[in-house]
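> Need coordinates for the following:
(chains A, B and C)
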Amino acid sequence: MAPADQTRKAHTSKAQTSKAISNDTALRLLAWYDSHHRDLPWRVTPREHARGVRPDPYRIWLSEVMLQQTTVEAVKSYFLAFIEKWPDVEALAAAPTEGVMKAWAGLGYYSRARNLKACADLVAARGGRFPDTETGLRELPGIGAYTSAAITAIAFDRHAAVVDGNVERVISRLFSITTPLSEAKAEIRVHVERMVPATRPGDFAQAMMDLGATICTPRRPRCMLCPLREDCSAVVSGDPENFPVRPPKAEKPLRRGAAFVSMGDDGAILLRRRPEKGLLGGMTEVPTTAWTARVDGATTEAAAPFPGDWRRAGTVAHVFTHFTLELEVFRAHIEGDAPAGHFWSPAHEISGEALPTVMKKAIEAAIPGATKKPSPLSAKRPHD
DNA sequence: GATGCGTGGAG
DNA sequence: TCTCCAAGCAT
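As a prediction, the model looks like this:
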């Protein structure tokens, strides 16, 4: 596509720019989308689309929940595993919550998994049909402003203003919005509302997000390849990387604690379940001390939940959303029945437990390979 | 409106 | 190594 003539110049006011953008920008974006289609497991290809294939609302919903604050690459394998295990919403509703948590382990933001299961139960109870409106979807657990709009547009091809982090970045650059992001959301939404085309609202939403993910990236945006560069205020001013304007981030405090890996017979490990709410809610863990900001002598074997020949096995560090954790890992051989509130997980089941990544790190520090999936090639070998 | 909530990849 | 931050939601 040849560069358009430069009838509009840099002196264009924001109001004029806005008006111009609302007219044909969306169509140019759709044309770009059609020629840069990304083949993603939850997406209907243009060829299928032309044959009249509609997206499966279940798959769109599942992918959108997984994609919340999570990269496409991280989601792919989880999405495929979920679809294979639970092909439709009734299957997911029939699954035990514990099984869903296990399948979600490693993906993060675990309240999503619990809400996913609760949402599946509700949808299955109403006949397996997802609501096809934003307000209807918005009432379901784990579905907020973004996800309800995304499902409405993508799965049902209905008009909706889909605003995610990508869209916020694209819009704030198109209009050089200097208001910090948290306060600019309403303004951004108005711009998106005006841009949504009369047809193909779902493709438009995906096109905006694809543009943000592949061209209008947070750093080093590929403006030369952008189908909207002629409309972009930030390109004119030459500083697209300065948008969106974000408030300064808070510093992450350091917390410390100790983790205790108990080795039983035949490679079993002693585990327990975390409380349903809060950090890593409902997930499985090895016993640990409290994680505190204080650095004192408490992180020693004296803090072990039960007596044993505790030996230091190393330290693991893990970064959470709002703090960094350092865990001193201890290990010991423990015999007998599991103490109250704990259970023995046999060696061959450990890789399938609902263990968040930080817990896998701790276990690996004590028993290398213990959390890896057993493979025919790796011969059984006693540890220690 | 601010805060809590994971993880891993890119630069 | 370090910093940033990704297709947000619930409270």
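
> Once you drop chain neighbours, what's closest to the closest residue to DNA strand C within the stretch 51-200 of chain A?
Using CB to the nearest atom of the strand, the closest approach of the stretch 51-200 of chain A to DNA strand C is made by residue A:144 at 2.5 Å. (Glycine included, C-beta is placed from N, CA and C.) Leaving out its chain neighbours, the residue that sits closest to residue A:144 by CB to CB, 6 or more residues apart in numbering is residue A:138, at 7.1 Å.

> count of residues packed around the one you found?
For residue A:138, the tally of surrounding residues (other CB atoms under 10 Å) stands at 16.

> now swap in residue A:328 and tell me
Counted by other CB under 10 Å, the residues lying close to residue A:328 total 22.

> Can you report phi and psi for it?
Dihedral pair for residue A:328: phi -80, psi 120, per degrees, to the nearest 10.

> give me every residue that touches residue A:343.
By CB atoms under 8 Å, 6 or more residues apart in numbering, the residues touching residue A:343 are A:270, A:271, A:272.

> Could I get those in CSV, plus columns for distance to DNA strand C?
Formatted as CSV, the contacts of residue A:343 follow (distance: CB to the nearest atom of the strand, whole Å):
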residue, distance to DNA strand C
A:270, 31
A:271, 25
A:272, 24
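
> which one of these is nearest residue A:328?
When the contacts of residue A:343 are compared for distance to residue A:328 (CB to CB), residue A:270 wins out at 17.5 Å.

> who's the closest one bridged to?
Here residue A:270 shows beta-bridge partners residue A:344, assigned using DSSP bridges.

> any idea of the mean pLDDT for stretch A:195-213?
For stretch A:195-213, mean pLDDT is 95.

> So is it next to DNA strand C?
Yes - for stretch A:195-213, a contact with DNA strand C is found by CB under 7 Å from any atom of the strand, at A:206, A:209, A:210, A:212, A:213.

> Against residue A:74, how distant is the residue of the stretch 51-200 of chain A found nearest DNA strand B?
Nearest residue of the stretch 51-200 of chain A to DNA strand B: residue A:108, at 2.7 Å (CB to the nearest atom of the strand). Computed as CB to CB, to the nearest Å, the residue A:108 to residue A:74 distance reads 8 Å.

> interface residues of chain A facing DNA strand C?
Residues of chain A lying near DNA strand C (CB under 7 Å from any atom of the strand): A:38, A:40, A:43, A:63-64, A:67-72, A:109, A:111, A:115, A:141-148, A:150, A:164-166, A:169, A:206, A:209-210, A:212-213, A:218, A:246, A:249, A:319.

> Just the buried subset of these, written out for PyMOL, thanks.
Only the buried entries of those go into this PyMOL selection, using 16 or more other CB atoms under 10 Å:
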select buried, chain A and resi 40+43+63+64+67+68+72+115+142+143+146+147+148+150+164+166+169+206+209+210+212+213
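
> now, which of the residues of stretch A:195-213 next to DNA strand C lie within helices?
A:206, A:209, A:210, A:212, A:213 (DSSP state H).

> how about the residue nearest to residue A:144, what does it touch?
A:144, A:145, A:148.
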